[in-house]
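Trainee: Generate coordinates for the sequence data below:
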Amino acid sequence: MPVVFALGFGTPALLWGVGLASAPIIIHLLSRRRYRELEWAAMKWLLAALKKNARRIQLEQLLLLAVRTALVLSVVAAMAKPFLAGAGVVLLPGKRTHRVIVLDGSMSMGYRVTDRDRFERAKEVALAILNDSRKGDAASLVLMAAPPRVVVGDPSANLAAVAAEVRSLELLHGAANLAATFEKIDQILADSTLDQKEVYFVTDLQRASWSAADGGSDGSLQDLAAKVADRANLVVIDLGQGAADNLAVVSFELQEPFVTTGRETKFAATFRNFGRSNRSGLGVTFAIDGVAQDRRTIDLPAGEQASLVLSHAFPAAGAHTVELQLEDDPLAIDNRRWLSVDVKEHVDVLLVDGEPAGERFAAETDYLRVALAPEIESDEVRSPFRPEVVTESEAFEMNLTRYDAIVLANIGQFTDREARVLDDYLAAGGRVVWFLGDQVDGDSYNRVLHREGQGILPVKLGGRVGDARARQSFVLLDPRDYAHPIVQPFQGAEQGGLLRTPVFEYVRAEPQEGEHTRVALSFVGGDPAIVTAEKRRGRVAVVTTSADIEWTNWPIWPSYVPVMNEVVTYVAADRHRSRQALVGESISAAVPPAAIDVPVTVVLPSGDSVPRRVAPRDEVGAFLFDDTARSGVYRMQFGPPVASEETFAVNVDASESDLAKLERDELQQLLPSWRFEYLTNWQAIATGKSSATQSRGELHRYFLYLALVLALAESFLAWKFGHYN
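Mentor: Model (predicted):
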């Protein structure tokens, strides 16, 4: 689209001075009328000589007249302050300007090839913009991040204070939310009372950030960009480099469902070369609690990735920090990743027996207890589970948060208080398994636990199917193509007895719809046998038959022990994931009801401490901390009566590791409504050799320069032509 330019004047009232340009002409004409022609004999010889040079003298006079006239016009034009305006907002010379400086604070700005990284260069450019601003101009400061941070919102004429804010900024380790940034900028511009506005984007134009397709709450990315363009002139200062190479650790994960002492624990890591050069012999360090445990080398071809599996046996229980570090490159931020791992002596499972009995294998949970922890163990076969059996009345008077999973077997019904206790336990990241049975009151379960899909029970219970007392008919189990993790280990092992397990009676259940609810195992005919779901911050499972031999012979079949272990393993697994987060995500620690107004100290990766307090509330909840702008290990230290410490690992988003950037034409295609000035001479701007703040289209300076040149030319020509002699 062609850009149309128009000429305007900042002070058009001074254009009356154009009439002064006629003064040299009038003086010239009046000077000619002053002379009278007289006949003089001696003049004949002089006139004869002058005729030879008449044309030259006439040209000299006209040239001097033109120079003097142009000199007056140049001075008048400079005083009128003309400007050349294209499409967009007009900046009138001499008027106050509101400059919104937007610094890209995303992780890619940490790329360093000299003594300073891109973010430090961006701060130098921002300081230069403030230094070049005129007296009376105002500035705002926005850090483009996810979410964006408005450092200085209202236009501030105290440019020194804004400069101090620029100097204090620190690079964040997250991505950049472009749409949300545009929303913040538009709000700042809308609230500004200054007529003239400019927005400076100091960025590396990383494609991952600038090509985001999602809009904000006010519309699409293009609509938000158009609103900003309508309010201000736009300047994009590109600090990026098209051929920036980068290596990164893109993933680091625990391969085990949970970690217990003395057992070999495996970790899987993935590395990627985002550059165009092959790299070999790269050093990788694997550390536990800051102490190196293993060192490896890997090769990374250009544009490819490589994987590595490492293992470690933790000798002691407790919270441990696992770190993986790839040798540094120009962007060192994404060369490290952390995991926070809670190592236990055992996985504590609370078995709540709804039908206790004194005889061996007569109670509801006897078979399940033995399945989880065999009475005869060896060093080669040692169960990670430590089950503890209690009655229903005992369970809800205990501190449930110390258990990794709770199994409720054939509990008749739950009170509202008991449902709240379980809800709070799940909100703190707990795990719950229900086994049904002859004592279960389906209507009570639906009313108190299911609550039309709003509760913690992921199924709506119906009537019983079959007759366990007669035991004349039974149904078999259907693994549903072995798609669920609970039954995946049994694929290809059809002789293990799972498919021939007889079930005489069960409760028909209707799973609620949702991506987090899955049927792991069903009965032949379609009714679910095991349903799992994510609830609150925890995980639940429902087994629709009994845990003992009252409704099924399953507990005495070979498949019972491995299936029950898989059920509890699946439910209790991945609790460590709540201790992992990406930069910008909240981290939270469960706190009991006693933790009201308890002091909390959050130790940041930098070592600095942030004091907080637990807010008062009526239920068990979680203490949230959302200022996770930098990657590393965060520690929450709770004061009494809690007196505990939680460790969290915050890692960078691997999408920010790709340093590919947008070029100018790509940016224009992405934001077609923009008319912007595109600058790449950031080095000259940062060092003061060039200015980014000179208003585009201002012409008065050029007219002043022209007037100076014309004045010198007039003096020289007058001397040269001899008119001053």
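Trainee: Could you say which helix or strand holds Asp230?
Mentor: Remark: Asp230 resides in helix 221-231, with elements defined by DSSP states H and E.
Trainee: next one: Thr532
Mentor: According to DSSP H and E, Thr532 maps onto strand 528-535.
Trainee: any idea how far the helix or strand just after that strand is from the chain center?
Mentor: Per DSSP H and E, strand 528-535 leads on to strand 538-543 as the next helix or strand towards the C-terminus. Strand 538-543 sits 32 Å away from the centroid of its parent chain (Cα atoms, centre = their mean, to the nearest Å).
Trainee: Domain parsing of the protein, as residue ranges.
Mentor: What automatic domain parsing lists as the domains of the chain is 6-87+702-721, 97-242+674-694, 247-342, 347-573, 578-651.
Trainee: how much space is there between Met318 and Val650?
Mentor: Careful, residue 318 is Gly and not Met. As judged by Cβ to Cβ, to the nearest Å, Gly318 and Val650 stand 20 Å apart. Quick note: C-beta positions are derived from backbone N, CA and C, even for glycine.
Trainee: Those two: who's more crowded?
Mentor: Shown here are Gly318 and Val650; by other Cβ atoms under 10 Å, Val650 has more neighbours (26 against 14).
Trainee: which regions of the stretch 601-725 of the chain sit below the pLDDT cut-off?
Mentor: With pLDDT under 70 as the threshold, the stretch 601-725 of the chain has low-confidence stretches at 616-621, 694-701, 722-725.
Trainee: Could you do the chain as well?
Mentor: 1-55, 80-94, 212-219, 242-243, 376-381, 495-496, 593-595, 616-621, 694-701, 722-725.
Trainee: 50 - rerun?
Mentor: For the chain, the stretches with pLDDT under 50 are 1-5, 86-90, 215-218, 618-620, 695-696, 724-725.
Trainee: Spell out the residue ranges of the helices in the stretch 351-500 of the chain.
Mentor: Residue ranges of the helices in the stretch 351-500 of the chain, as given by DSSP state H, counting those that start in this stretch, are 366-372, 392-395, 416-427, 442-444.
Trainee: Count the neighbours of Thr297 for me.
Mentor: 11.
Trainee: for Arg207, same thing?
Mentor: For Arg207, using other Cβ under 10 Å, the count is 18.
Trainee: before we move on, what about His516?
Mentor: 11.
Trainee: ok, it touching Glu534?
Mentor: Yes. Between His516 and Glu534 a contact is recorded at 3.8 Å, counting by Cβ atoms under 8 Å.
Trainee: Which secondary structure state does Val341 sit in?
Mentor: strand (DSSP: H, G, I helix; E, B strand; the rest coil).
Trainee: For it, which non-adjacent residue is spatially closest?
Mentor: Of all residues not flanking Val341 in the chain, His320 sits nearest, at 5.0 Å (Cβ to Cβ, 6 or more residues apart in numbering).
Trainee: Can you point out the buried residues in stretch 178-191?
Mentor: 178-186, 188-189 (16 or more other Cβ atoms under 10 Å).
Trainee: ok but Ser140 is inside a strand, no?
Mentor: Yes. Counting by three-state DSSP, Ser140 falls inside a strand.
Trainee: gap between it and Leu63?
Mentor: When Ser140 is compared with Leu63 (using Cβ to Cβ), they lie 52 Å apart.
Trainee: And Phe523, by the same measure?
Mentor: Phe523 is 108 Å from Leu63, by Cβ to Cβ.
Trainee: Name the residue in those two with the higher neighbour count.
Mentor: Phe523 (20 against 14).
Trainee: what sits against the more buried one?
Mentor: Applying Cβ atoms under 8 Å, 6 or more residues apart in numbering to Phe523 gives the contacts 475-478, 503, 506, 529.
Trainee: can the domains of the chain go into CSV with extra columns for distance to Asp658?
Mentor: Shown next, in CSV, are the domains of the chain (distance: least, Cβ to Cβ, whole Å):
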stretch, distance to Asp658
domain 6-87+702-721, 34
domain 97-242+674-694, 6
domain 247-342, 5
domain 347-573, 28
domain 578-651, 16
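Trainee: can you tell me which of the ones you listed comes nearest to Arg664?
Mentor: Judged by Cβ to Cβ, the one of those that comes nearest to Arg664 is domain 97-242+674-694, at 4.9 Å.
Trainee: So what's the gap between the closest one and the chain middle?
Mentor: 18 Å.
Trainee: Stretch 261-271 too?
Mentor: Distance of stretch 261-271 from its chain centroid, counting by Cα atoms, centre = their mean, is 27 Å.
Trainee: Would you mark the buried spots in it?
Mentor: Here stretch 261-271 shows 261, 265, 267, 269-271 as buried, counting by 16+ other Cβ under 10 Å.
Trainee: ok, now stretch 606-619?
Mentor: 612, 614.
Trainee: distance between that stretch and the chain's centre?
Mentor: Counting by Cα atoms, centre = their mean, stretch 606-619 comes out at 23 Å from the chain centroid.
Trainee: all helices for the stretch 151-300 of the chain, in order.
Mentor: Using DSSP H, counting those that start in this stretch, the helices of the stretch 151-300 of the chain run over residues 159-168, 178-191, 207-210, 221-231.
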